[in-house]
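Student: structure of the sequence below:
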Amino acid sequence: MLIQRGQRYRVVNDTPAICMTYWKAPYTGGVKVVVPAGEVLVVTADPSPRATGADLLPERYDALLAKFVPFKERSDPKFGGYSLCLMFDQIDANCQLVTEE
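Tutor: The predicted model follows:
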């Protein structure tokens with residue numbers, strides 16, 4: 001499976017992921033989450049040659065913010081956003097490449 005920037009994947013089974021949080025400060029956090037079946041995720045960058053996972057953003061980014069990021073973090077003025085990290089084997093087993101809508 002060749003994962004590339006811009007590809008869209010539909011989650012077909014509830015899938016574990018790491019929700020990475022980004023800050024307007026020298027800090028990055030993360031929490032384990034489950035991405036529900038039906039969500040569409042977009043690959044944000046081409047993975048490096050030795051990568052074992054990919055960074056993705058949900059198409060429903062704003063709607064899922066409260067589900068993935070605890071209130072204390074998302075309400076902090078230094079909170080800068082989030083992304084999801086899925087291992088390649090999770091993408092292969094639980095997601096389907098979306099070629100057209």
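
Student: so what's the nearest residue to residue 98 once chain neighbours are set aside bridging to?
Tutor: Leaving out its chain neighbours, the residue that sits closest to residue 98 by CB to CB, 6 or more residues apart in numbering is residue 8, at 4.2 Å. Glycine gets a C-beta too; all of them are placed from N, C-alpha and C. Under the criterion DSSP bridges, residue 8 forms beta bridges with residue 42.

Student: who's in contact with residue 8?
Tutor: If a contact means CB atoms under 8 Å, 6 or more residues apart in numbering, then residue 8 has 40-43, 59, 97-98 as its contacts.

Student: list buried members of those residues by neighbour count.
Tutor: With neighbours counted using 16 or more other CB atoms under 10 Å, these contain these buried positions: 40-43.

Student: nearest to residue 71, of the residues you listed?
Tutor: Closest approach to residue 71 among the buried ones among the contacts of residue 8 (CB to CB): residue 41, at 23.0 Å.

Student: which non-adjacent residue is nearest the closest one?
Tutor: The shortest distance from residue 41 to any non-neighbouring residue, by CB to CB, 6+ apart, is to residue 56 (4.0 Å).

Student: hang on, residue 70 packs against residue 30?
Tutor: No. Using CB atoms under 8 Å, residue 70 is not in contact with residue 30, being 11.6 Å away.

Student: burial count for the closest residue to residue 69 other than its chain neighbours?
Tutor: Take residue 69 and drop its neighbours on the chain: the residue closest to it by CB to CB, 6+ apart is residue 82, 5.3 Å away. As a burial measure, residue 82 scores 22 neighbours (other CB atoms under 10 Å).

Student: what's next to the helix or strand that contains residue 82, contact-wise?
Tutor: Assigned by DSSP states H and E, residue 82 belongs to strand 79-87. Residues from elsewhere that reach strand 79-87, judged by CB under 8 Å, 6+ apart: 15, 17-24, 30, 33, 35, 41, 44, 52-58, 65, 68-69, 73, 95.

Student: emit the PyMOL select command for whichever of those residues are buried.
Tutor: Per 16+ other CB under 10 Å, the buried members of the contacts of strand 79-87 correspond to this PyMOL selection:
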select buried, resi 15+17+19+20+21+33+35+41+53+54+55+56+57+58+68+69+73+95
